[in-house]
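Participant: below: sequence and its predicted model.
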Amino acid sequence: MSDTYTLYNPTVMDHFMNPRNMGDLRDADGVGEVGAAACGDIMKISLKIRDGKIEDARFKTFGCGSAIASSSMATELIKGRTIEEAMTFSNQEVVNALGGLPPVKIHCSVLAEEALKAALEDYVKRHPELAERAAAAEPVSA
Amino acid sequence: MSDTYTLYNPTVMDHFMNPRNMGDLRDADGVGEVGAAACGDIMKISLKIRDGKIEDARFKTFGCGSAIASSSMATELIKGRTIEEAMTFSNQEVVNALGGLPPVKIHCSVLAEEALKAALEDYVKRHPELAERAAAAEPVSA
Amino acid sequence: MRQVYLDHQSATPLLPEAFEAMRPYFTEYYGNASSLHQHGLRVRDALKKARQQMAALIHAESEDEIFFTSDGTESANLAIKGVAYANERKGKHLVISATEHPSVVNSVEFLEKQGWTCTRVPVDREGRVDLKGLEAAITPQTVLVALHHVNHDIGTIQPVVEAGKICAKAGVPLYVDCEASAGWLPIDVREFGAALVSFSPHRFYGPKGVGVLYRNKRARIVSILHGGVQEGGRRAGTENIPAIVGAGVAAEVAARELPQWRAHTAVLQKRLWDGLSRDIPFIKLNGPIPGPDRVSTNINISTEFIEGEGQLLLCDLNGIAVASGSSCVSKSLKISHVLSAIGLDHALAQGNLILTLGKDNTEADMDYVVETFVRIVDKLRGMSPMWEEFERGVIDSVIAPRGFGKSFSEHAAAVSGKAAH
Amino acid sequence: MRQVYLDHQSATPLLPEAFEAMRPYFTEYYGNASSLHQHGLRVRDALKKARQQMAALIHAESEDEIFFTSDGTESANLAIKGVAYANERKGKHLVISATEHPSVVNSVEFLEKQGWTCTRVPVDREGRVDLKGLEAAITPQTVLVALHHVNHDIGTIQPVVEAGKICAKAGVPLYVDCEASAGWLPIDVREFGAALVSFSPHRFYGPKGVGVLYRNKRARIVSILHGGVQEGGRRAGTENIPAIVGAGVAAEVAARELPQWRAHTAVLQKRLWDGLSRDIPFIKLNGPIPGPDRVSTNINISTEFIEGEGQLLLCDLNGIAVASGSSCVSKSLKISHVLSAIGLDHALAQGNLILTLGKDNTEADMDYVVETFVRIVDKLRGMSPMWEEFERGVIDSVIAPRGFGKSFSEHAAAVSGKAAH
Ligand SMILES: Cc1ncc(COP(=O)(O)O)c(C=O)c1O
Ligand SMILES: Cc1ncc(COP(=O)(O)O)c(C=O)c1O
């Protein structure tokens, strides 16, 4: 790629060309699919969760290069995190890890955050006991 | 002048660079000086008239290249003409003889016509008998 | 890696002969055309020659009807605003088609803020303007009708001759934006009955930095860039002589080579679309089929279930330069208004790609593009949740509906919580 | 025959290094900066670099404050109209000096037709703007003050720093037209307190076809050429990349060479005026004497009893390229409004000649010009009825009055039947 001009920086280009964790998870524990009304991108994230930890993550994305790279990076970043950690995940982490995105493309990283949160919500919905535990813990952590 | 670009055609340039009949006439029989309010040019034509014929003509001009060329050409054209002929002289003759002038410079040729007419008027004024003769002739020629 | 440039609508390389013609005007014949000395007069001659070359390309009666501007955008602005301001007393109504270029559309919007009104005449699903609608849109207050010759996005050839007749009958000047046709289709301003025609030589191998506006002597127009008396007082500013000289040469070459260029690109166009439609399922050509209704240089496709920017980037990484009308590609995050105007489903507009051919493309290039694009589509569909959902029967195809599943747009609206725009 | 180019205000030859930098952008790197592929991205980089080079020349804070247009005229139009339209709600009053370039004056006149008003602040007999008058002209409705840095006709350097302070106090943006100073005088937009600054690289050995507008981030401005989103939405139209690249190089060279160019032309300027004033009677320098109040490149003279176009043509035939502000030279048959504004007698305005120096002129050139001009004046005075009438005592000199005879203007009015204008 030397002497080649690219729209995004090398990290973004790498994640676009060689996306990590692309695909679906058989028997996923949580799946989130979200869309950006603004540009029409759609992103889906599937999670495998064991013992409160994200063991595996996969994405599928209908969208531009930075949307694909953002979902690839997001899945990389959250693998190994606990659900609680993942709940506070922010798009800024994606932007930073990618070494920056053009201003007009920041919303792609937001979409990745939203897809992850939707997948976590789906997991929580399937596991009502978690919500109860969290509610009980809340007064302490607040 | 080959390979040289000039503002005016070669005839105009020639009359500008080597004006014919430039100067004054000692003991002129008629002198006309006119100015163009539009551009500020001033033109003076002096005539030597013998036996009702323009024997000699001279000009002086404060003005642009085409004004100088127009007065040079006008004096050339009218030499040898009778007063009657000269009275019908038109700027178009100057334009034609010069091989054309840019549209914005046509008024220079008009100035030459006016200077000539002013000189003829001056001559007529100095010779009231001519006016009487012309008036007497009028019903016939009309 | 093979390099295939398929973005001739955006830019073309300068013809070597145009460059050679320009060269002395940079450092040797550098005079200002307004100057009265040698240096000025010499370039004045060059300017006149370029005007004649432009006039010849579009069969204008006289070179005095040619004005040089800085680009096609400025020419369009001058045509629209120059005519509007000049005829303000007569009326303040304009008529344009729904698929004009932004340089026309946004000029009109500017005038609308200043009190003008405008009727936008719809186009059919292939982008052809509704002539009855156009005729009906003209009012006694109409001072200009604007209709492009060829659409910049989808290559539709407009019925300009018919439009010209309607305008002539109504006594309203017609402005034809020929930016996407000049050099590629014959243009005869008199046959068009056009009062104004604009184009930009950088679309047919001329230099950037110069645009052309033809104005019929009878059409009233005023200047929109004010200053000196250049271009007969219609366009102030020091003339870009080297570019104008190069543009003149490009116009001369285009006038001569047009039939060959056109025939050559028509063959490539057919080969490209035949290959793509043969090898890729769920792909749609936007605009008329290759033939008399479509300019030979344009292929505009929508590939279902994948988005345009990703296609564009993967093409680029494979040496293929293309454009897209999808929203992710535009700085405004809006899909091309042309795709909206032809009623293209939002899903298909998102998967849009614009390939514009040039004289130097080859048949082997086309085959390489088809081959490569098959792989690109596979890769992107493999990543696309929509493709998976289509395969699972959750959503249906717009291009070849199976009769079950939600539409893509319904699905997109559901997951995004809002309707796509 | 010696060739002496003394019309650098109209045009300059392109620097060889600028040409070399431009060359690949014609045929190799021909992409459109809006394209998302290689070809587009490469020229985007070039565009950014040129913006940085421009910012450096005028000490702008950031390259984002630089917009490229097609020439100085368009930059002036954008500065005036772009600010006026953007601030319409605030007020519709403008302030300019009486000696602005036609690109400013005529932009303002256009706005006046649309309901704006404008105060024209007078200048003194050397062309310096009346700062008290400028301050007094500002009202609560004023949205812009325009003052050029250097006058294009008579070389007067304006008190822009002081004007900037007045504007800052009043909270009104200042626009400084630097067309006649850029490359020849240091420009510091922050020291000027300027919200907008325009110039044109073809005045300092850059290419034609590109103008620059600096806009301070805080100044509101809208586009005047509508279309695409190029130049941050402030200037639609395909960017003239080769010219922009060449302009960047020219700006870099100018920033480096400015002190030498300035010192060199200052020496020539003095030598030229010393020679002319020594050898030719009844000649007048218009504008300040060479020194800190006058740009080093400009000599503007009026030679009495003869007209400007004839002088210009004879200079040209002797290899000397000059300009003139006389009415015969302009297509409108009007004398330069700058000469009117400094109260120059009509007779002297008619005999006007503008000589503008450049880096490649030499001392021998100056001596040749003086020598040649003596002969030209003799020849034209020999043909002039006014000179004869002056010698006969019928009219008097304006430059060195003898105290008897009519004035030239009285005489001219008498013979033409109307007052000259
Ligand atoms: C149909 C049409 N009109 C106008 C323009 C604007 O031309 P330019 O980019 O030369 O300013 C374009 C540009 O592509 C176009 O396609
Ligand atoms: C002071 C000034 N402003 C603006 C302009 C217009 O610039 P351009 O000729 O590049 O359009 C000029 C041109 O000479 C000028 O001298």
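Facilitator: Yep, it's here. Ligands and ions are numbered 1, 2, ... in the order given.
Participant: in chain A, what residue lies closest to chain B?
Facilitator: residue A:5 (44.3 Å; C-beta to the nearest C-beta). Heads up, the C-betas are built off the backbone N, CA and C, glycines and all.
Participant: next up, phi/psi of that residue, please.
Facilitator: phi -100, psi 130 (degrees, to the nearest 10).
Participant: ok, and the closest non-adjacent residue to it?
Facilitator: Distances taken as C-beta to C-beta, 6 or more residues apart in numbering or on different chains put residue D:41 closest to residue A:5, at 3.5 Å, once the chain neighbours are dropped.
Participant: run a quick neighbour tally on the one you found.
Facilitator: For residue D:41, the count of nearby residues is 17 (other C-beta atoms under 10 Å in any protein chain shown).
Participant: can you show me the strands along chain A?
Facilitator: A:30-35, A:42-50, A:53-62 (DSSP state E).
Participant: and residue C:354, what element?
Facilitator: Assigned by DSSP states H and E, residue C:354 belongs to strand C:352-356.
Participant: thinking again about what came up before, make JSON lines from the strands of chain A and add mean neighbour count, distance to residue A:132 and mean pLDDT to it.
Facilitator: Below are the strands of chain A laid out as JSON lines (neighbours: other C-beta atoms under 10 Å in any protein chain shown; distance: least, C-beta to C-beta, whole Å; pLDDT from 0 to 100):
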{"stretch": "strand A:30-35", "mean neighbour count": "22", "distance to residue A:132": "17", "mean pLDDT": "95"}
{"stretch": "strand A:42-50", "mean neighbour count": "24", "distance to residue A:132": "17", "mean pLDDT": "96"}
{"stretch": "strand A:53-62", "mean neighbour count": "23", "distance to residue A:132": "19", "mean pLDDT": "97"}
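Participant: which strands or helices does the lengthiest helix in chain A pack on?
Facilitator: Longest helix of chain A, by residue count under DSSP state H: helix A:106-126. Packing partners of helix A:106-126 (3 or more C-beta pairs under 8 Å, 6 or more residues apart in numbering or on different chains; DSSP states H and E): strand A:30-35, strand A:42-50, helix A:65-78, helix A:83-87, helix A:91-97, helix A:128-141.
Participant: what about the longest helix in chain C?
Facilitator: helix C:241-279.
Participant: what's in contact with whichever helix or strand comes after that one?
Facilitator: Beyond helix C:241-279 on the C-terminal side, the first helix or strand identified by DSSP H and E is strand C:283-285. Residues outside strand C:283-285 that contact it (C-beta atoms under 8 Å, 6 or more residues apart in numbering or on different chains) are C:273, C:276, C:277, C:299, C:300, C:301, C:302, C:303, C:304, C:348, C:377, C:399.
Participant: parallel or antiparallel, list what pairs with strand C:283-285.
Facilitator: Sheet pairing of strand C:283-285 (DSSP bridges) gives strand C:298-303 (antiparallel).
Participant: in terms of helices and strands, where is the residue nearest to residue A:5?
Facilitator: Per DSSP H and E: helix D:38-57 holds residue D:41.
Participant: roughly how far does the residue nearest to residue C:46 when sequence neighbours are not counted sit from chain B?
Facilitator: The shortest distance from residue C:46 to any non-neighbouring residue, by C-beta to C-beta, 6+ apart, is to residue C:245 (5.2 Å). Note on residue C:245: its distance to chain B, by C-beta to the nearest C-beta, to the nearest Å, is 15 Å.
Participant: that older thread, so which bits of the longest helix of chain A are buried?
Facilitator: A:106-120, A:122-124 (16 or more other C-beta atoms under 10 Å in any protein chain shown).
Participant: repeat that for stretch C:154-173.
Facilitator: C:154-160, C:163-167, C:170, C:172-173.
Participant: which of those sits closest to residue C:132?
Facilitator: residue C:166 (9.3 Å; C-beta to C-beta).
Participant: OK, contacts around the closest one?
Facilitator: Counted by C-beta under 8 Å, 6+ apart, residue C:166 has contacts C:131, C:134, C:135, C:138, C:145.
Participant: that one in helix, strand or coil?
Facilitator: helix (DSSP: H, G, I helix; E, B strand; the rest coil).
Participant: so the longest helix of chain C versus helix D:241-279, what angle?
Facilitator: Here the directions of helix C:241-279 and helix D:241-279 differ by 180 degrees (axes from the mean of the first three to the mean of the last three C-alpha atoms, to 10 degrees).
Participant: tell me how far residue A:83 lies from residue A:131.
Facilitator: Distance of residue A:83 to residue A:131, computed by C-beta to C-beta, to the nearest Å: 11 Å.
Participant: who has more neighbours out of the two?
Facilitator: The neighbour comparison of residue A:83 against residue A:131 (other C-beta under 10 Å) goes to residue A:83, with 19 against 11.
Participant: looking at the buried residues of stretch C:154-173, which are in helices?
Facilitator: C:160, C:163, C:164, C:165, C:166, C:167, C:170.
Participant: go through these and name the one nearest chain D.
Facilitator: residue C:160 (20.9 Å).
Participant: mind listing what that closest one touches?
Facilitator: With C-beta under 8 Å, 6+ apart, residue C:160 has these contacts: C:147, C:149, C:174, C:176, C:192, C:194.
Participant: can I get the residues you listed in a markdown table with secondary structure?
Facilitator: Below are these laid out as a markdown table (three-state DSSP):
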| residue | secondary structure |
| --- | --- |
| C:147 | coil |
| C:149 | coil |
| C:174 | strand |
| C:176 | strand |
| C:192 | helix |
| C:194 | coil |
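Participant: same list (those residues) but as TSV, adding distance to chain D and neighbour count.
Facilitator: As requested, the contacts of residue C:160 are arranged in TSV below (distance: C-beta to the nearest C-beta, whole Å; neighbours: other C-beta atoms under 10 Å in any protein chain shown):
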residue	distance to chain D	neighbour count
C:147	17	28
C:149	17	24
C:174	20	26
C:176	17	29
C:192	22	23
C:194	20	30
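Participant: what's the local residue count around the residue of chain A found nearest chain D?
Facilitator: The minimum distance from chain A to chain D, using C-beta to the nearest C-beta, falls at residue A:5 (3.5 Å). When neighbours are counted by other C-beta under 10 Å, residue A:5 registers 16.
Participant: then the one 5 residues further on?
Facilitator: The number of residues packed near residue A:10 is 11, by other C-beta under 10 Å.
Participant: likewise for the one 4 residues further on?
Facilitator: Counted by other C-beta under 10 Å, the residues lying close to residue A:14 total 17.
Participant: list the residues that contact it.
Facilitator: Residue A:14 neighbours (C-beta under 8 Å, 6+ apart): residue A:69.
Participant: try the one 5 residues further on
Facilitator: Listed by C-beta under 8 Å, 6+ apart, the contact set of residue A:19 reads A:59, A:68, A:69, A:71, A:72, C:383.
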